[in-house]
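Visitor: Sequence and predicted structure, then a few things I'm wondering about:
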Amino acid sequence: MNAKEFFNKICSRFLLLNLLAMFVVVLLLCVGVGYGLDLYTHHGEGIEVPELKGMRYQKAFLLLEQKGLNLVVSDSGYNKALPADCILAQMPGNGQKVKEGHTIYVTVNSPSSPTFAIPDIVDNSSLREAEAKLTAMGFRLSPTQRVTGEKDWVYGILCRGRRISNGERIPIEYPLTLMVGSGTYDESADVDYVDGGYSSDMMNEDDVDEFEEVAESPVTEQAE
């Protein structure tokens, strides 16, 4: 077979038709797959997420259910100005578009204020250290109460007029008052130290006579 015959065989109408048919099939397959994916994923369609903040959980659940969305509680918080089970935050936010069946995560209001254990600061830290620890936990501090003792040393904590101890659990919304040393001391609690020794004023007459007799008695030397 010479080159001309080989070229004519490759460029025959039958082969060209087969190649064209294969190209058309591949093209239709690509278009069909893309169209099918659009139908499956609802491309270009979306459900707008409604505003849920301030809404009670049950009402929000029913609203999302009607729209084909799911509702899941991911966290809880506390706001005494709002009722319990009220939604405080949501993700995704209001106005965003999501697919049907998407899950909306919300933070709901707790029925009571969360409590935290008081750290080990009484008789164990300075004013600055105690303020840093308590404010970092979220506690509010009222003006300090000065007591006798070492300056700026924490001697106690007051909560609603009651003295509390380390480790006690207190609601985060309750303000705390630190009892801090003023640098002054109670003079009535001072101890008077006297010079050790004896004086005749500290003995009665019998003790004095006995002491003199012992002092005048001769000392006998022990034989070697």
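Guide: Everything's here; your move. Keep in mind that this is a model prediction, so the values were computed, not measured.
Visitor: low-confidence ranges in this protein?
Guide: Where the chain drops to pLDDT under 70, the residues are 1-16, 36-45, 186-224.
Visitor: Per the annotation, how does it divide into domains?
Guide: Residue ranges for the domains of the chain, per automatic domain parsing: 47-109, 115-185.
Visitor: okay, those domains in a markdown table with distance to residue 35 next?
Guide: In this view, the C-beta of every residue, glycine as well, is placed from N, C-alpha and C. Listed next are the domains of the chain as a markdown table, based on distance: least, Cβ to Cβ, whole Å:
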| stretch | distance to residue 35 |
| --- | --- |
| domain 47-109 | 18 |
| domain 115-185 | 55 |
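Visitor: Take those and write them to TSV, including distance to residue 19 and mean neighbour count.
Guide: As requested, those are exported to TSV (distance: least, Cβ to Cβ, whole Å; neighbours: other Cβ atoms under 10 Å):
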stretch	distance to residue 19	mean neighbour count
domain 47-109	41	15
domain 115-185	74	15
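Visitor: Compare the ones you listed and give me the one nearest residue 23.
Guide: Closest to residue 23 of the domains of the chain is domain 47-109 (Cβ to Cβ; 34.7 Å).
Visitor: Can you list phi and psi of the closest residue to residue 165 other than its chain neighbours for me?
Guide: Nearest residue to residue 165, sequence neighbours excluded (Cβ to Cβ, 6 or more residues apart in numbering): residue 122, at 6.6 Å. The phi and psi values for residue 122, taken as degrees, to the nearest 10, are phi -70, psi 130.
Visitor: residues in contact with residue 122?
Guide: Residue 122 makes contact with 154-157, 165-166, according to Cβ atoms under 8 Å, 6 or more residues apart in numbering.
Visitor: Tell me which stretches of the protein form strands.
Guide: Remark: strands assigned in the chain by DSSP state E are 47-48, 70-77, 87-91, 97-98, 103-109, 115-117, 145-147, 154-159, 162-164, 169-171, 177-181.
Visitor: Check which helices and strands the longest one sits against.
Guide: So the one you mean is strand 70-77. helix 57-66, strand 87-91, strand 103-109 (3 or more Cβ pairs under 8 Å, 6 or more residues apart in numbering; DSSP states H and E).
Visitor: by contact count, what packs against the second one?
Guide: Applying 3+ Cβ pairs under 8 Å, 6+ apart, one finds that strand 87-91 makes contact with strand 70-77, strand 103-109.
Visitor: okay if I get the ones you listed as a markdown table plus distance to residue 133?
Guide: Shown next, in a markdown table, are the helices and strands packed on strand 87-91 (distance: least, Cβ to Cβ, whole Å):
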| stretch | distance to residue 133 |
| --- | --- |
| strand 70-77 | 22 |
| strand 103-109 | 26 |
